[in-house]
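K.L.:
My questions are about this predicted structure, shown below with the sequence.
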Amino acid sequence: MNEQPAWKAFLARIPLACFWIAGGAAAGFLLLVLAVFVGPMIIQRNPQPTPTWVFSVIVNPSPTAEPTLQETALPEQTPEPEATTEILEASTFSVGDLVEVRGTEGDGLRIRGSPGFQGDILFLAVENEVFMVQDGPVLVDDLTWWYLVNPYSSEVRGWAVSVYLQALEAE
């Protein structure tokens, strides 16, 4: 008895055309893989550099009118100074008036969270911006301060020094 191994018996039952079809499919798959991965490298041997766009923002802060503080020698035990908040009597405008930012030479006016130079800067009001006076006047740091509110957006509000404010004329 001359029996063949099982794999030879299995192959003997498959027609020869199936081997050709399977071999062709394998060769086609191999060519497809080569075309997709190796083809672009062959076609583009000297690749051109891709231009890259670089955007940069340059911020150039403009100085606003603020006094320069100078150091002075203090005695050892100095009591904590209290801010003076005297209410002034005479001014060119009053609560409810519309005022305009003027005289900053385009630098804008710092609007603060509290009157005086120690107050946090909330935003910068631009030249010719209009506000409504809601409170003041208050004297702090030897300057008169007014509480201003933007008439179009009540969230835009804060204290500003009167030096750069001008009352708008009623029409």
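P.N.:
Arrived safely, thanks for sending.
K.L.:
C-alpha only now, for contacts and for neighbours.
P.N.:
OK.
K.L.:
So which residues of the chain form helices?
P.N.:
Using DSSP state H, the helices assigned to the chain run over residues 6-13, 16-37, 39-43.
K.L.:
need the least confident one among these, by mean pLDDT.
P.N.:
Here the lowest mean pLDDT among the helices of the chain goes to helix 39-43, at a mean of 73.
K.L.:
next one: that helix to chain centre, how far?
P.N.:
Distance of helix 39-43 from the chain centroid (Cα atoms, centre = their mean, to the nearest Å) equals 43 Å.
K.L.:
pLDDT weak spots in this structure?
P.N.:
Residues of the chain that meet the criterion pLDDT under 70 lie in 1-2, 44-50, 55-91, 170-171.
K.L.:
Identify the residues contacting stretch 5-18?
P.N.:
The contact list for stretch 5-18 (Cα atoms under 8 Å, 6 or more residues apart in numbering) is empty.
K.L.:
picking up where we left off before, and the helices of the chain: which comes nearest Leu168?
P.N.:
Nearest to Leu168, of all the helices of the chain, is helix 39-43, at 70.5 Å by Cα to Cα.
K.L.:
Count residues in the vicinity of Glu100, would you?
P.N.:
Look at Glu100: counted by other Cα atoms under 10 Å, it has 18 neighbours.
K.L.:
Break this protein down into its domains, please.
P.N.:
7-43, 98-167 (automatic domain parsing).
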